[in-house]
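Just a sequence and a predicted model for now, questions to come.
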Amino acid sequence: MEKIYAELETKMKKSVEHFHKELGNIRTGRASTAVLDGVRVTYYGNQMPINQVASVAVIEAKTIDIKPWDKGSVSEIEKAIMAANLGLSIVNTGDSLKVKFPDLTEETRKDMVKKVKKMAEESKVDLRNIRRESNEAAKAKEKAKQISEDDLKNAEARIQKVTDKYITDIDNMVKEKEKELMTI
């Protein structure tokens with residue numbers, strides 16, 4: 001049973017970490033380098049993350065500075081950011097890029113909150129699927145007479161408790177992100 005519990009914890013932790021990473025990609029009104037994590041630049045024929053071809057830093061509350069190590073890649077980085085359609089404005093200074101985060105309208109903020117809640121629900125579905133798999137593994141052990149019926153009930157209760165903990169973590173992340181999005 002310990003193996004089942006360990007797998008459950010590992011899978012749920014990864015699922016919640018993935019959700020947390022996805023939340024970082026959602027643009028708020030403030031500059032965040034995490035918004036660019038999913039953007040890939042064509043660099044000498046390879047698709048690479050921006051942070052592997054340039055230094056990326058937040059220089060003001062709503063501005064990111066991107067300084068490519070190879071000045072010839074400035075236009076490629078600019079194209080990649082534009083193609084990602086993140087709603088950012090870009091100023092090309094010749095040897096670097098200034099990426100500006102526009103103010104979010106009330107409507108845009110509400111749409112982003114809806115998107116966050118949808119992502120949260122998808123993550124919760126993942127957690128419930130992991131719970132189901134763990135419960136099925138425990139039932140298989142009981143059916144094979146490796147554990148008793150009481151052990152199965154205890155296992156299901158423990159699996160549910162772990163699931164509830166991670167669902168609460170997701171709910172708390174959603175509240176934080178919603179607060180961040182709706183604060184001007």
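Arrived safely, thanks for sending.

Could you pull out the helices in this structure for me?
With helices called from DSSP state H, the chain shows them at 2-24, 74-83, 106-143, 149-182.

Just name whatever secondary elements the third one is in contact with.
To tie it back to what came earlier, the one meant is helix 106-143. Counting by 3 or more Cβ pairs under 8 Å, 6 or more residues apart in numbering; DSSP states H and E, the packing neighbours recorded for helix 106-143 are helix 2-24, helix 149-182. (Each C-beta comes from the backbone N, C-alpha and C, glycine too.)

Format the ones you listed as CSV; extra columns: distance to residue 96.
Below are the helices and strands packed on helix 106-143 laid out as CSV (distance: least, Cβ to Cβ, whole Å):
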stretch, distance to residue 96
helix 2-24, 23
helix 149-182, 28
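
Mean neighbour count, distance to residue 43 and mean pLDDT for the helices of the chain - can I get that in CSV?
Putting these into CSV (neighbours: other Cβ atoms under 10 Å; distance: least, Cβ to Cβ, whole Å; pLDDT from 0 to 100) gives the following:
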stretch, mean neighbour count, distance to residue 43, mean pLDDT
helix 2-24, 15, 23, 92
helix 74-83, 17, 7, 90
helix 106-143, 16, 30, 93
helix 149-182, 15, 32, 94
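
now the ones you listed as a markdown table including distance to residue 34?
Output for the helices of the chain, formatted as a markdown table (distance: least, Cβ to Cβ, whole Å):
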| stretch | distance to residue 34 |
| --- | --- |
| helix 2-24 | 4 |
| helix 74-83 | 14 |
| helix 106-143 | 14 |
| helix 149-182 | 12 |
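
of those helices, which approaches residue 47 most closely?
helix 74-83 (9.1 Å; Cβ to Cβ).

now that closest one, how far from the chain's geometric center?
Remark: helix 74-83 is offset 22 Å from the chain centroid, using Cα atoms, centre = their mean, to the nearest Å.

Then stretch 124-131?
16 Å.

most distant residue from the middle of the chain?
Going by Cα atoms, centre = their mean, the residue of the chain most distant from its centre is residue 145, 40.9 Å out.

Let me see the backbone angles for that one.
phi 60, psi 30 (degrees, to the nearest 10).

can you tell which of the helices of the chain is closest to residue 45?
helix 74-83 (11.2 Å).

For stretch 45-62, buried residues please.
Neighbour counts over stretch 45-62 (16 or more other Cβ atoms under 10 Å) mark 48-50, 53-54, 56 as buried.

same thing with stretch 90-102?
Applying 16+ other Cβ under 10 Å to stretch 90-102 flags 90, 96-97, 99, 101 as buried.

Mind telling me the two of these farthest from one another?
Applying Cβ to Cβ across those, the maximum distance is between 96 and 101, 16.6 Å.

which residues touch the residue farthest from the centre of the chain?
By Cβ atoms under 8 Å, 6 or more residues apart in numbering, the contact set of residue 145 is empty.
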